[in-house]
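Undergrad: Got a predicted model here, sequence first, then my questions.
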Amino acid sequence: MQALQLGATIGILGDGQLGRMLSQAASRLGFKVVTFGPDAESPAAQVSLASKVAAYTDEAVLARLAERCDVITFEFENVPASSLDYLVGLGATVAPSSKALRITQDRVFEKSFAREQGVGTVDFRAIDSLDDLKAAVAELGVPSLLKTRREGYDGKGQVWIKSTDDIAEAFNSLNGRPSILEAKADFTREISVVAARGWDGTVSTFPIGENHHVGGILSTTLAPAQIAAETVARAHDIARKVLEGLDYVGVLAVELFVLPGGDVLLNEIAPRVHNSGHWTQDGCLCDQFEQHIRAVVGWPLGDTTARCTVEMTNLLGADILDWPRLSAEARARLYVYGKDDPRPGRKMGHINRIKS
Ligand code: AMP
């Protein structure tokens, strides 16, 4: 695609903090942003030129977005893939594609895709009934993890099966939704790679982040991770295979498990900028948000070299009320998402601390 000119308009489906930071990066490069989402005062709408407030399936409003925007992207992986197809059908330029969305919206499709690319995953079985689950637990053993195939995030929609006595209760707790049983990964570290691919097939990867979760939610990312060069190479190779296999345009994140012997398994693909890439805002000349904008508008990808080590800490719920102290910290930068209600566990902001 031809590189978009300064002043072109970018549409973003999704209106949360990722859309906010994408919009800020886009406007710094001279683009105009129209956001599309259900909330008039959303984090993204607050910082954008215009916002369309509608359900993601509202075809009349999608059509107005298609007319107004030179390229349309998304910041939320649960946007219906059919809405992207509708936009493309109207002649809009959309990136990433609905194919990437369809595969990554479903954990069984996602892991099957990874294996087709030669990327390892934990052993898994698709589960549609209690009998499926009983058979799968017999094969994969305990402990194993039952997850909904779709729409799980931050550890929601997941239940550990620690003994065969847990099977019926675990199945019922997911309300019989199509699910996946995963063997337990005995990992030593959880890492992620944020990477980008342009319309011309150029691939660029950021240094690796090491992630710590608390209660299923990302708590901190330390990057560049202090890991063996061989692990770094394997992780970057996985990101490249995923980007190329999806024929992807934009930024995505690949969440990985590092096993004691050094093997690296893919856990999840996020077809968007990612919480574990927020460290790049202070760690790299071109951060993940700018990189995504560069990729989708057809500009050259930016420089992803790390300038320093950064620890990113999420500010969840009431953590944000500590802003007077956080804002006074030396060698740190505070990011606030503009959300009113600091409900427990809600992502309200983050802080990047420079470590070296
Ligand atoms: P997910 O929603 O798939 O990213 O899972 C959330 C977190 O649960 C991961 O970051 C891991 O800490 C843990 N987890 C997920 N799948 C597995 C697995 N198969 N084995 C061990 N831990 C897992």
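TA: Arrived safely, thanks for sending.

Undergrad: Okay, helices next: where are they in the stretch 151-300 of the chain?
TA: 167-173, 229-245, 280-283, 288-297 (DSSP state H, counting those that start in this stretch).

Undergrad: Out of the ones you listed, which one sits most buried?
TA: Highest mean neighbour count of the helices of the stretch 151-300 of the chain: helix 288-297, a mean of 27 (counted as mean count of other C-beta atoms under 10 Å). Quick note: C-beta positions are derived from backbone N, CA and C, even for glycine.

Undergrad: I'd say Phe113 and Arg102 touch.
TA: No: in this structure Phe113 lies outside contact range of Arg102 using C-beta atoms under 8 Å: 10.0 Å.

Undergrad: more crowded one of those two?
TA: Phe113 (22 against 18; other C-beta atoms under 10 Å).

Undergrad: measure the residue lying farthest from the centre of the chain to the ligand for me?
TA: In terms of distance from the mean C-alpha position of the chain, Asp165 ranks first, at 34.4 Å (C-alpha atoms, centre = their mean). As for Asp165, its distance to the ligand is 20 Å (criterion: C-beta to the nearest ligand atom, to the nearest Å).

Undergrad: Pro207 now?
TA: For Pro207 relative to the ligand (C-beta to the nearest ligand atom), the value is 19 Å.

Undergrad: residue contacts, that residue?
TA: 223-225, 232, 283-284, 304, 306 (C-beta atoms under 8 Å, 6 or more residues apart in numbering).

Undergrad: again, 6 Å this time
TA: The neighbours of Pro207, taking C-beta atoms under 6 Å, 6 or more residues apart in numbering as the test, are 223-224, 306.

Undergrad: Rebuild these as a markdown table, extending it with distance to Glu77 and pLDDT.
TA: Listed next are those as a markdown table, based on distance: C-beta to C-beta, whole Å; pLDDT from 0 to 100:
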| residue | distance to Glu77 | pLDDT |
| --- | --- | --- |
| Ala223 | 22 | 98 |
| Pro224 | 26 | 98 |
| Ala306 | 26 | 98 |
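
Undergrad: Scan those and report the most crowded one.
TA: In those, the most neighbours by other C-beta under 10 Å go to Ala223, 29 neighbours.

Undergrad: That one contacts Thr280, correct?
TA: No: using C-beta atoms under 6 Å as the test, Ala223 is too far from Thr280 to be in contact (7.8 Å).

Undergrad: shared neighbours of these two, which are they?
TA: Joint contacts of Ala223 and Thr280 (C-beta under 6 Å, 6+ apart) do not exist.

Undergrad: So which bits of the stretch 251-356 of the chain are right by the ligand?
TA: 255, 267-268 (C-beta under 6 Å from any ligand atom).

Undergrad: mind redoing it with 5 Å?
TA: Where the stretch 251-356 of the chain comes near the ligand, counting by C-beta under 5 Å from any ligand atom, the residues are Glu268.

Undergrad: mind listing the strands for the stretch 251-356 of the chain?
TA: Using DSSP state E, counting those that start in this stretch, the strands of the stretch 251-356 of the chain run over residues 264-270, 310-316, 332-336, 347-354.

Undergrad: Could you export those to TSV, including columns for mean pLDDT and mean neighbour count?
TA: TSV is the format used below for the strands of the stretch 251-356 of the chain (pLDDT from 0 to 100; neighbours: other C-beta atoms under 10 Å):
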stretch	mean pLDDT	mean neighbour count
strand 264-270	97	22
strand 310-316	98	22
strand 332-336	98	16
strand 347-354	98	22
